[in-house]
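Student: Turn this into a model:
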Amino acid sequence: MWSAAYGLIALAVVAFVVLYAAAHAPSFKTVNLADQLYNAKKRLADGLSSLPRTDNPAHFATNINVVRVRTANAAASGRSFPVQLPISYKLSARENNILYELYLNVISCRPAALQGGAAATLYVVEIRHSLSQLPWLEVYAAMPRNLTQYYSWLYNLYTAWGRPPAVGLDPRVGADVGLVELVKAEWALVYNATSGTAKLYVAAPATALYILVVDYPLAIPLACPPRS
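Tutor: Okay, here's the model as predicted:
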């Protein structure tokens, strides 16, 4: 009789321990780093056109989520007007376990030739990023369907807005209104293991308005800086 009672007590104690441990054991959630990375980049993509813009190198150096622009003169219907050319970005976004940081800077643009001899512009872009690789990297050249129409459209935006439009960066400037066609550009990404930086070399047709560097879903327009 006593052995049966002790057995029941032992079972009760074991059951209590099991239930207590189950109630207080840590729970584990599935971590999807790919989704977190995508969400961080999407947040930046959604706010890209509204980034603060500056032509002051010191302001660009001391701030995050900012784009550096240079002002150039364009012409339409015999009128000269200013446009902004995006040449550098400092981007950062956090999503739970992921910190996505990206720095892009057009170092130079120089004449080159595509395979077959067609005239091209070689963009040299410095890249620094928080990832060991950019798995979705693609590069496109923004080609005007009609150059005269494109610059006339820019001029109309300049007069309507009262400020220089940012080439490739402002909404309604480029491919989103059918004035620009995006075509794949030839590119190569070269890493420097010593400095931890990389250079992106892009050969775009000489008539390209700018290039579009895509780390999906983030698409970043970069233009050649005006010649000093």
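
Student: can you give me the strands for the chain?
Tutor: 53-54, 66-76, 79-95, 98-113, 119-129, 137-144, 180-184, 186-192, 197-205, 210-215, 218-222 (DSSP state E).

Student: between those, which one is nearest to residue 43?
Tutor: Taking Cβ to Cβ as the criterion, strand 79-95 is the member of the strands of the chain that comes nearest to residue 43, at 5.0 Å. Yep, even glycine has a C-beta here, placed from its N, CA and C like the rest.

Student: ok so, going back, would you turn the strands of the chain into CSV with distance to residue 171 and mean pLDDT?
Tutor: Output for the strands of the chain, formatted as CSV (distance: least, Cβ to Cβ, whole Å; pLDDT from 0 to 100):
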stretch, distance to residue 171, mean pLDDT
strand 53-54, 14, 96
strand 66-76, 14, 95
strand 79-95, 14, 95
strand 98-113, 20, 94
strand 119-129, 23, 94
strand 137-144, 15, 94
strand 180-184, 13, 93
strand 186-192, 26, 89
strand 197-205, 23, 92
strand 210-215, 15, 95
strand 218-222, 12, 95
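
Student: Return the residues in contact with the residue lying closest to residue 103 once chain neighbours are set aside.
Tutor: Using Cβ to Cβ, 6 or more residues apart in numbering and skipping the chain neighbours, the partner closest in space to residue 103 is residue 128 (4.2 Å). Counting by Cβ atoms under 8 Å, 6 or more residues apart in numbering, residue 128 makes contact with 101, 102, 103, 196, 197, 198.

Student: ok, now which ones touch residue 214?
Tutor: If you count contacts by Cβ under 8 Å, 6+ apart, then residue 214 has 136, 137, 138, 139, 140, 220 around it.

Student: Go again with 7 Å.
Tutor: 137, 138, 139, 140 (Cβ atoms under 7 Å, 6 or more residues apart in numbering).

Student: And it, how far from residue 182?
Tutor: From residue 214 across to residue 182, the span is 9 Å (Cβ to Cβ, to the nearest Å).

Student: Surely residue 202 touches residue 188?
Tutor: No. Assessed by Cβ atoms under 7 Å, residue 202 is found out of contact with residue 188, at 8.3 Å.

Student: Please say which of those two ends up with more neighbours.
Tutor: The neighbour count for residue 202 versus residue 188, taken as other Cβ atoms under 10 Å, is higher for residue 202 (26 against 10).

Student: how near is the more buried one to residue 89?
Tutor: 15 Å.

Student: swap in residue 71?
Tutor: 17 Å.

Student: In terms of neighbours, single out the busier of those two.
Tutor: residue 89 (23 against 11).

Student: ok, the more buried one touching residue 67?
Tutor: Yes. Applying Cβ under 7 Å, one finds residue 89 in contact with residue 67, separated by 5.2 Å.

Student: residues in contact with residue 127?
Tutor: 103, 104, 197, 198, 200.

Student: what's across from it in the sheet?
Tutor: residue 104, residue 198 (DSSP bridges).

Student: Endpoint to endpoint, stretch 157-165 covers what distance?
Tutor: Using Cα to Cα, to the nearest Å, one end of stretch 157-165 lies 7 Å from the other.

Student: which residue sits closest to residue 147 in space, ignoring its chain neighbours?
Tutor: Nearest to residue 147 is residue 207, by Cβ to Cβ, 6+ apart, at 7.5 Å.
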